[in-house]
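In: Build me a model:
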Amino acid sequence: MAGGSGGGRGGASADLHSAARSGDLAAVQSIISSNPLAVNSRDKHSRTPLHLAAWAGHNEVVSYLCKNKADVGAAAVDDMGAIHFASQKGHLEVVRTLLSVGGSVKSITRKGLTPLHYAAQGSHLDLVKYLVKKGASVRATTKAGKNPADVAGNAETQNYLEECEEQARKDKASNKKKAEEVKPESSNVEGDNKDLKRKESEDVNEEEEEKQEGYSKAKKPKVALHHLQDADDTEVDQDEEIEEPNNVTSTNPSEVST
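Out: As a prediction, the model looks like this:
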């Protein structure tokens, strides 16, 4: 296996690739400790040590490489990542490790294959179930229009994926129906709230009108009495002016007859 670029000396890179593929953890640790940049070195197929360890199913090596800055999302030829290599071979524990450090069940190759496609193709049912549980889409299609059930390697895996696909379809229809049922109910509640607010506003206006009307009725007698009082006072003043003598000297009858 030829040494790749991007990881220091070609010999060290080649040794690291070989050690990763064979699962020699001690050799991997020794090489990485002396040449840390070799962790993401490439071979002639653009594969990193992580790709080779994942493909071979060496979970301890995969864990060590990831802890030492191996690029979990690095793509080899056809954009295959470490998770695709592991899924192709059905290495469940390796897939668990890769997902725990940032791998994605939704990653796709240049041809549109997901890890679930590879697991289904290899009839790795336990891994298929795990990927579905982790959110892998059973309806994802390749560029050729194939979903995981279409490429399943045996009837058991195909039946399981078809059941998952049917359930996903039912769930989607159910969610859509619930959404449609909630909208009118929401509108009715909003309308009821508006009616209630309008009624409360009308009640408040009626109360205000009643208060104003009562206030007016209470004031009218007072105004009327005040007016009458002014009139009476005026009349009294006028009477007093009439009764008061106007420049007449007080006399008695005897003086008048004289």
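
In: Could you chop the protein up by domain?
Out: The record assigns the chain these domain ranges, following the TED database: 14-104, 106-177.

In: okay, those domains in CSV with mean neighbour count and mean pLDDT next?
Out: C-beta here means a position set from N, CA and C on the backbone, and glycine is covered the same way. Converted to CSV, those look like this (neighbours: other Cβ atoms under 10 Å; pLDDT from 0 to 100):
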stretch, mean neighbour count, mean pLDDT
domain 14-104, 21, 97
domain 106-177, 17, 95
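
In: how much space between residue 68 and residue 179?
Out: Plainly put, residue 68 is 47 Å away from residue 179 if you go by Cβ to Cβ, to the nearest Å.

In: whoops, residue 73 was the one
Out: Applying Cβ to Cβ, the value for residue 73 to residue 179 is 35 Å.

In: now do residue 39
Out: 48 Å.

In: Equivalent analysis for residue 28, please.
Out: Applying Cβ to Cβ to residue 28 and residue 179 gives a distance of 52 Å.

In: residues contacting the residue nearest to residue 164 when sequence neighbours are not counted?
Out: In space, and not counting its chain neighbours, residue 164 is closest to residue 138: 4.5 Å by Cβ to Cβ, 6 or more residues apart in numbering. Residues in contact with residue 138 (Cβ atoms under 8 Å, 6 or more residues apart in numbering) are 116, 132, 147, 148, 149, 161, 164, 165, 168.

In: Same question for residue 58.
Out: 20, 23, 25, 94.

In: hmm, try it at 6 Å
Out: Counting by Cβ atoms under 6 Å, 6 or more residues apart in numbering, residue 58 touches residue 23.

In: Ok, the one 10 residues further on next?
Out: When contacts are counted by Cβ under 6 Å, 6+ apart, residue 68 is found next to 32, 39.

In: what's the answer for residue 25, then?
Out: 60, 61.

In: same thing with the one 5 residues further on?
Out: Listed by Cβ under 6 Å, 6+ apart, the contact set of residue 30 is empty.

In: So that it lines up with my notes, have the first residue be 205 from now on.
Out: Will do, 205 is the new start, and the previous item becomes residue 234.

In: Next secondary structure after the helix or strand hosting it?
Out: Element membership for residue 234 (DSSP states H and E) is helix 229-238. Using DSSP H and E, the helix or strand that follows helix 229-238 towards the C-terminus is helix 253-260.

In: Residue 247 contacts residue 221, doesn't it?
Out: Yes. Look at residue 247 against residue 221 with Cβ atoms under 6 Å: they come within range, at 5.4 Å.

In: give the contact list for residue 370.
Out: Per Cβ under 6 Å, 6+ apart, neighbours of residue 370: none.

In: just residue 355 next, same as before
Out: Here residue 355 is in contact with 321, 324, 325 (Cβ under 6 Å, 6+ apart).

In: tell me the contacts of the closest residue to the first one other than its chain neighbours?
Out: Once its chain neighbours are removed from consideration, residue 321 has its nearest residue in residue 352; the separation is 5.3 Å (Cβ to Cβ, 6+ apart). Under the criterion of Cβ under 6 Å, 6+ apart, the contact partners of residue 352 comprise 320, 321, 324, 342, 365.

In: Now the last one: which helix or strand?
Out: Secondary-structure assignment from DSSP H and E places residue 365 in helix 359-447.

In: now the end-to-end length of stretch 245-258.
Out: In stretch 245-258, first residue to last residue: 15 Å (Cα to Cα, to the nearest Å).
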